[in-house]
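Student: predicted structure and sequence below. I'll ask about it afterward.
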Amino acid sequence: KIKNAKLVASNSEIITKQEQGYNIVDLAKYLYDSSSENITIVSDNNIEYTCNCDNSFTIKIDNKKENTNYSVKYKISGKEYTETLNSNENPINFHLMQEGKNKVNVKVLRNDENIYEYDTEISYIKPYEKQYLEETTNKGIMLHIKHPYGTDMEKTIELLNAIGIKNVRIDIAWSFIVENNEQYGIDMYDKWISRLDSEGIKIVAVLAYPNANMVSNGKTISNDKEIEKFLSYVNLVSNRYQQIKKFEIWNEPNLNQYLSDAEIQLYSKMVNQAYNIIKKNNKEAEIYAGATYTPANNSSEYIKSDEFFQKIINNGSYINSNVFSFHPYENSKGLNNNWIKKQNQIHKELANSNGGFQKLAVTEYGVSTATTYYSQEEQANKMVQQTVFQEQYNLESQILYNFKDYTPDKDKLSSNYGLIDTSYIPKLSYY
């Protein structure tokens, strides 16, 4: 019996067999194949993505046979190249011309016989070219710092800069920074906000997301005492982060949260008082109210966005906010984008009918690549169309949802709005 024997497969990939017995035929095969070439290919670049068009990989061959010719054929995005392999380590340099995913196929040959084959993809991102007055843009992206699958700061910053992102919307979650006995644990936010600021990336901060330690029902404010707790958190964040100039109070309050007149009254009171605290801490700050979901009708789970806004206007939140924000998602099939057009028009008319001085913002819109929704190409097309269309409304902010997919579940609608997937591989829409 042979234990921990390594059998070399016909394609030179090594298969380890542990704690298994072999007969005499197995032994003969092991002794014969152990002298075969061991071929490995090492990528010299980030295999997820690269911002460098000049790339390379190294082909390593152990146990080369004497008087034998070795060569490599490699194909990149359909174009084929051939080189001779003269040593044990052979660097192969190649140039990427095509932005996006480049399919790479590598074949190692011994005397023109294929003995090893390797396939991969390299996502190439062309170097970003600075745009005129780009620092004044209202466009940005939703960035989940506290992500269920982790957020790599260096990769994220690199990929944001590679496409010239100048604005991000982030959650500064009440439940995450406020722990027992009102002790604040916000080191993570300190690091991220400082880094984003140093990169010249501006922030729209969402102030929301309590838990059962803060509010009795775990998701919404139900009384004045809970409003006081919320305002303590608002004061901490707006005072601590002077570099943040835009604060959004809650997220989609008209969806399963503040629906009755009494609940909307509490939301309005929360906005009105948060406005005064934030302005006291930072006179330059703008306060966004609403961040509403935009359903077609009312139900037991939500109310229409324009009706919600009219109620908080009646409760004094028109003068105690600077911007009304809403989320006009377009999930119907096709490329006409009628829903997003309709919602922009409805909210413009709402602002005009109440004096016309309130600014508007779209702080979420986007297209999902979930299995039964849109392909990557359709996502890219619709995102461009929606972005261009909304420019005519002179929005204070236009924030695309989302930078990175929320989970790897390809069938879940809400998980697949990202420009990149959970492995940091760019989709077509990223480019």
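Tutor: Nice, thanks for sending it over. Numbers count the residues shown, from 1 in each chain.
Student: CA only for contacts and neighbour counts going forward, please
Tutor: Fine.
Student: which strands and helices lie in contact with the longest helix along the chain?
Tutor: When the chain is parsed with DSSP state H, its longest helix is helix 261-281. Helix 261-281 makes packing contacts with helix 224-240, strand 286-293, helix 305-314 when contacts are defined by 3 or more C-alpha pairs under 8 Å, 6 or more residues apart in numbering; DSSP states H and E.
Student: repeat that for 7 Å
Tutor: Counting contacts by 3 or more C-alpha pairs under 7 Å, 6 or more residues apart in numbering; DSSP states H and E, helix 261-281 packs against helix 224-240.
Student: quick check: angle from the longest helix of the chain to helix 305-314?
Tutor: 60 degrees (axes from the mean of the first three to the mean of the last three C-alpha atoms, to 10 degrees).
Student: quick check: beta-bridge partners of A289?
Tutor: I249, F324 (DSSP bridges).
Student: how far away is N239 from Y275?
Tutor: Here N239 is placed at a distance of 13 Å from Y275 (C-alpha to C-alpha, to the nearest Å).
Student: tell me the secondary structure for S194?
Tutor: helix (DSSP: H, G, I helix; E, B strand; the rest coil).
Student: then F389?
Tutor: Classified using three-state DSSP, F389 is helix.
Student: excluding its backbone neighbours, what's nearest it?
Tutor: In space, and not counting its chain neighbours, F389 is closest to K341: 7.7 Å by C-alpha to C-alpha, 6 or more residues apart in numbering.
Student: can you check L96 too?
Tutor: C53 (4.8 Å).
Student: residues in contact with that neighbour?
Tutor: Counting by C-alpha atoms under 7 Å, 6 or more residues apart in numbering, C53 touches 95-97, 124.
Student: which of those residues count as buried?
Tutor: Among the contacts of C53, those classed as buried by 16 or more other C-alpha atoms under 10 Å are 96, 124.
Student: adding distance to G150, write the contacts of C53 out as a markdown table.
Tutor: Output for the contacts of C53, formatted as a markdown table (distance: C-alpha to C-alpha, whole Å):
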| residue | distance to G150 |
| --- | --- |
| H95 | 32 |
| L96 | 30 |
| M97 | 32 |
| Y124 | 23 |
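Student: for the contacts of C53, which one is nearest N282?
Tutor: Y124 (41.5 Å; C-alpha to C-alpha).
Student: quick one, the helix or strand encompassing the residue nearest to F389 and helix 305-314 angle?
Tutor: In this structure, K341 sits in helix 338-353 according to DSSP states H and E. Calculated by the same axes, to 10 degrees, helix 338-353 forms an angle of 20 degrees with helix 305-314.
Student: hey, where'd the helices end up in this structure?
Tutor: For the chain, the helices defined by DSSP H occupy 24-33, 153-162, 174-177, 187-198, 224-240, 261-281, 305-314, 338-353, 376-390.
Student: the more surrounded of N239 and Y275?
Tutor: Shown here are N239 and Y275; by other C-alpha atoms under 10 Å, Y275 has more neighbours (25 against 17).
Student: from N86, how far out is that one?
Tutor: Distance check for Y275 against N86: by C-alpha to C-alpha, it reads 71 Å.
Student: and F57, by the same measure?
Tutor: F57 sits 15 Å away from N86, going by C-alpha to C-alpha.
Student: how about the helix holding K341: buried residues?
Tutor: Quick answer for helix 338-353 (16+ other C-alpha under 10 Å): 339-340, 343-344, 347-348, 350-351.
Student: what is the mean pLDDT for it?
Tutor: Mean per-residue pLDDT for helix 338-353: 95.
Student: convert the C-alpha atoms of it to CSV, please.
Tutor: Written as CSV, here are the backbone C-alpha positions of helix 338-353 (Å, rounded to 0.1, in the frame of the first residue of the first chain):
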residue,chain,number,x,y,z
ASN,A,338,-41.6,55.0,-17.9
TRP,A,339,-41.8,54.5,-14.1
ILE,A,340,-38.7,56.4,-13.3
LYS,A,341,-39.9,59.2,-15.6
LYS,A,342,-43.3,59.3,-13.9
GLN,A,343,-41.9,59.5,-10.4
ASN,A,344,-39.5,62.3,-11.2
GLN,A,345,-42.4,64.3,-12.7
ILE,A,346,-44.7,63.6,-9.7
HIS,A,347,-42.1,64.8,-7.2
LYS,A,348,-41.3,67.9,-9.2
GLU,A,349,-45.0,68.8,-9.3
LEU,A,350,-45.2,68.2,-5.6
ALA,A,351,-42.3,70.6,-4.9
ASN,A,352,-43.7,73.2,-7.2
SER,A,353,-47.2,73.0,-5.7
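Student: helices or strands up against it?
Tutor: Secondary elements touching helix 338-353 (3+ C-alpha pairs under 7 Å, 6+ apart): none.
Student: which residue packs closest to N235, ignoring adjacent ones?
Tutor: I277 (6.2 Å).
Student: same question, S216
Tutor: S222 (7.4 Å).
Student: distance of the one you found from Y267?
Tutor: From S222 to Y267 the distance is 9 Å (C-alpha to C-alpha).
Student: for the residue lying closest to A296 once chain neighbours are set aside, what are its contacts?
Tutor: Among residues not flanking A296 along the chain, K304 sits closest, at 6.6 Å (C-alpha to C-alpha, 6+ apart). K304 makes contacts with 294-298, as judged by C-alpha under 7 Å, 6+ apart.
Student: again, but for E83
Tutor: Listed by C-alpha under 7 Å, 6+ apart, the contact set of E83 reads 71-73.
Student: so what's it bridging to?
Tutor: Counting by DSSP bridges, the residues bridging with E83 are V72.
Student: residue ranges in the stretch 251-400 of the chain under the pLDDT threshold?
Tutor: Residues of the stretch 251-400 of the chain that meet the criterion pLDDT under 70 lie in 332-335.
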